[in-house]
Structure formats: C-alpha cells, structure tokens
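Undergrad: Quick one, what's the 3D model for this:
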Amino acid sequence: METKTLTGSCLCGSVRYTVQGEPQRAFHCHCSRCRKSTGTGHATNLFVAGTLTWDAGEALVRHFKVPEAERFTNAFCSECGGRVPRSAAGSGMVMIPMGSLDDDPGTGADLPGLAGSLVVQRPRASRVQRDAGLKNKP
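TA: Modelled structure (predicted):
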C-alpha cells in the first residue's frame, strides 16, 4: 500500500490538519450514531494507518464520546462544528471524515473498501472568490 499525505480543514478553516500514512479502509457507515453525528444518511470515513498533525487550531478541537459506546467519538471544531479527524488511542489509526479533506484522496479503486465507487471532491472556491461573484449579481 502506498503512503499518502492528506490535508484538510473544518468548515470555517480554523482547524487544519495533515495525515500521513497508508489508507486502510474507506466506507460509508449508516449506523444511527454516524447518521446523527453528520445529520445525513451516512458518514464517509477514511481510516489511515499513520499520524495526525494539527497544522492550526488544535485548541479548537472538541470531542464528544457517546457514554455507552465502546469506540464512538465525534471530533469537531468548536467554532463551526465541522467534523475533523481523530486518532484512535493506541491503534496507530486515524479516522478522517472524508468531507473534511482538502485533497482528492483518489477514486474508489485506489481506496480499500470503496472499490467500484467513485469518490470525487470538487475544488472549493475561496471566500474571496465567492464574495466577488455575489457582488456582481443584482
């Protein structure tokens, strides 16, 4: 398996991170906890055997662990609520909410667990680009 360097951020951009390692598995989880934590029908997560480094905003990261859950913890930015990665204690694994990635992680064929699925992230427009476009509208 190939080592990758992936970067990402929360919705407001205050929390930024880098993950380096080997992607192990990516999948859509439809359990009730994942649905409730994302507010959608599933969570799409990438598990990487590697390391998580906070590039900015580490002090803004909060964790919520469901008391009765053995492993479920939600990591998020305290400013915007955007989900961010977390390291599973003692496992050497990093769980990345794939929607927080700034990089294109590849296609399903490149990511274990998503074979046959296409995972595509469109480049994000900067706030300046979006605001400039709005000013030109009547």
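Undergrad: Quick check: residue 85 touching residue 100?
TA: Yes. Look at residue 85 against residue 100 with C-beta atoms under 8 Å: they come within range, at 7.1 Å. For glycine as for every other residue, the C-beta is placed from the backbone atoms N, C-alpha and C.
Undergrad: Now list whatever residues contact both of these two.
TA: Contact criterion C-beta atoms under 8 Å, 6 or more residues apart in numbering; residues shared by residue 85 and residue 100: residue 8.
Undergrad: which residues touch the residue sitting nearest the centre point of the chain?
TA: Most central in the chain under C-alpha atoms, centre = their mean is residue 97, positioned 2.6 Å from the mean C-alpha point. By C-beta under 8 Å, 6+ apart, residue 97 lies in contact with 38, 43-45, 83-85.
Undergrad: so where do the helices sit in this protein?
TA: Ranges of helices within the chain are 32-38, 127-135, based on DSSP state H.
Undergrad: Stretch 89-99: which residues count as buried?
TA: By neighbour count with 16 or more other C-beta atoms under 10 Å, stretch 89-99 contains the buried residues 93-98.
Undergrad: What of stretch 64-81?
TA: 74-77.
Undergrad: Work out the gap between that stretch and the centre of the chain.
TA: Relative to its chain's centre, stretch 64-81 lies at 13 Å (C-alpha atoms, centre = their mean, to the nearest Å).
Undergrad: okay but residue 3 is in contact with residue 20, surely?
TA: Yes. Contact criterion C-beta under 8 Å: residue 3 and residue 20 qualify, at 6.8 Å.
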